[in-house]
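Novice: this one's structure only:
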């Protein structure tokens, strides 16, 4: 559909992403879950992590970015340095808080609430994908600097191939 309708299909991607996020929000609010990574029960895991429609936002962000990069592959983007810096800071801070946020939420001094758990679980995949999308965009279009040099180093090729192979066969092994 993206290939056939192009930019006209973008609102559908956004609507699907919001629907997926809304599903996780509904599940947490409706069931009253308070677990975030630590303290997640089996029912919560089955309802909010197993179904594809609960995890589709990251795929949709990647699809949108891939299409955008494809149609703009010859474009030379001019992004002011201050915007680049702010985007890098936002991206890396988002990744940091998604990884370490649950520890702050589940701290002994505070207990997790349904609101905190709902916000975290509903938006973590979308925000993670957007943060990674900035890194991919920046590195591809020449705004990556040292990070691009590090990520594109040939030493990562065997590790990436091994990781992808493990992804392909892990269910058979399990």
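Specialist: Received the coordinates, thanks. Because the structure is predicted, anything quoted here is derived from the model rather than measured. Numbers count the residues shown, from 1 in each chain.
Novice: quick one: secondary structure of residue 73?
Specialist: Look at residue 73: counting by DSSP: H, G, I helix; E, B strand; the rest coil, its state is coil.
Novice: need phi/psi at it.
Specialist: Main-chain dihedrals, residue 73, degrees, to the nearest 10: phi -60, psi -20.
Novice: the one 5 residues further on now?
Specialist: The phi/psi pair for residue 78 (degrees, to the nearest 10) reads phi -120, psi 100.
Novice: got a pLDDT number for it?
Specialist: pLDDT recorded at residue 78 is 93.
Novice: repeat that for the one 4 residues further on.
Specialist: For residue 82, the pLDDT comes out at 96.
Novice: count the neighbours of residue 131 for me.
Specialist: By other Cβ atoms under 10 Å, the residues close to residue 131 number 20. Just so you know, the C-beta spots here come from the backbone N, C-alpha and C atoms, and that holds for glycine as well.
Novice: give the contact list for the most centrally placed residue in the chain.
Specialist: The geometric centre of the chain, computed from its C-alpha atoms, lies nearest to residue 129 (Cα atoms, centre = their mean), at 2.3 Å. Counting by Cβ atoms under 8 Å, 6 or more residues apart in numbering, residue 129 touches 57-58, 61-62.
Novice: chain center to the helix or strand bottoming out on mean pLDDT in the chain, what's the gap?
Specialist: For the chain, counting by mean pLDDT, DSSP states H and E, helix 42-48 ranks last in confidence among helices and strands (a mean of 77). Taking Cα atoms, centre = their mean, to the nearest Å, one finds helix 42-48 lying 20 Å from the centre of the chain it belongs to.
Novice: ok, the residue nearest to the centre of the chain to residue 169 distance?
Specialist: 25 Å (Cβ to Cβ, to the nearest Å).
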